[in-house]
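Participant: Okay, sequence plus prediction incoming.
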Amino acid sequence: MDARKIRYKRLVKLLTLLVTSMLIATVSAAVYNYMYVQSEDISTKTPKVTFASAADSTASGFSAGTNGTYASFNSMAGWPNATRTYQAACAIQNSHTAAVEIELKFDLAGDWSGDTGQVDSMTVILRDSAGGTQQGSTINVGTVGSSTAAINIPASTTWVVEWNIKWNANAQSTHQVTVKLTLIVTGEPGD
C-alpha cells in the first residue's frame with residue numbers, strides 16, 4: 001500500500017475519533033443555573049362569572065358546584081328520532097360591572113363517551129333568554145373544537161344555556177352518553 005494512503009486512513013480515523021470524543025464531551029458536559037420564583041399571599045377571589053339556575057334547571061337535573069364555578073346535569077334525556085330541547089338548562093351570570101369575554105367549548109374527543117354512535121345530534125347554544133337571541137356560534141357536541149367562539153357577556157347580565165338532544169331511531173332506553181364542555185373566562189374581572 002502507498003504510504004500516503006496509510007497516512008490518509010490514519011488521519012481519517014484520528015479525525016473521526018476526535019469528533020466523536022468532542023460530541024461525547026459536549027453532550028455529557030452541562031452547566032446549570034437554578035433560578036427561583038416565589039409568590040406569597042396568593043388569595044382567593046369571588047368569581048364574577050358563574051353558573052346558576054334557570055327555567056329548565058329542575059328538568060335537566062342542574063346542580064351548581066361551590067361558588068357556581070362548576071355545573072352538572074343528571075337527568076337530561078331525549079326520545080329516539082325526536083329532538084328534545086332544554087331552552088334554559090342553566091344560566092351563565094356575569095355579576096361584574098364590566099363586560100367579560102367568555103367561550104363555551106367542546107374541547108377534546110375524550111370529552112364525550114358512552115353510546116355516542118346512537119346520537120343523531122347534540123347541540124348547545126347560548127341565548128340572551130329562553131328562546132331569545134343566540135350569542136356566539138352553535139356548539140356541535142362531538143366535533144372537537146366546536147365552540148361559541150369568544151364573546152363578551154355584558155356587565156350584570158345572565159344568559160341561558162340551551163341543549164338540543166336527538167337520539168337516532170334505533171336508540172334504546174339503556175343508551176346514554178357523558179359530555180363535558182369547558183367555559184373559558186378570559187382575563188381577570190376586577191372587583
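Facilitator: Noted; the coordinates are in hand.
Participant: what residue ranges in this protein are flagged as low confidence?
Facilitator: 1, 22-29, 188-191 (pLDDT under 70).
Participant: got the residue ranges for the helices in it?
Facilitator: For the chain, the helices defined by DSSP state H occupy 3-28, 57-60.
Participant: any chance of these in a markdown table, with mean neighbour count too?
Facilitator: Any C-beta I mention is one placed from the backbone N, CA and C, and that applies to glycine too. Converted to a markdown table, these look like this (neighbours: other C-beta atoms under 10 Å):
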| stretch | mean neighbour count |
| --- | --- |
| helix 3-28 | 10 |
| helix 57-60 | 18 |
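Participant: want to try JSON lines for those, with distance to residue 42 as columns?
Facilitator: Shown next, in JSON lines, are these (distance: least, C-beta to C-beta, whole Å):
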{"stretch": "helix 3-28", "distance to residue 42": "39"}
{"stretch": "helix 57-60", "distance to residue 42": "33"}
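Participant: Show me the one of those helices that comes nearest residue 132.
Facilitator: helix 57-60 (16.7 Å; C-beta to C-beta).
Participant: List the buried residues of stretch 68-76.
Facilitator: Residues 68, 71, 73, 76 are the ones in stretch 68-76 that count as buried (16 or more other C-beta atoms under 10 Å).
Participant: Among these, which ones are in strands?
Facilitator: Mapping those onto strands (DSSP state E) picks out 71, 73.
Participant: for the buried residues of stretch 68-76, which one is nearest residue 98?
Facilitator: residue 68 (18.5 Å).
Participant: Roughly how far does residue 21 sit from residue 15?
Facilitator: Here residue 21 is placed at a distance of 11 Å from residue 15 (C-beta to C-beta, to the nearest Å).
Participant: same thing with residue 86?
Facilitator: 75 Å.
Participant: cool, residue 181 as well?
Facilitator: 61 Å.
Participant: now residue 124
Facilitator: Distance from residue 124 to residue 15, by C-beta to C-beta: 66 Å.
Participant: same question, residue 156
Facilitator: Noted for residue 156: a distance of 75 Å to residue 15, by C-beta to C-beta.
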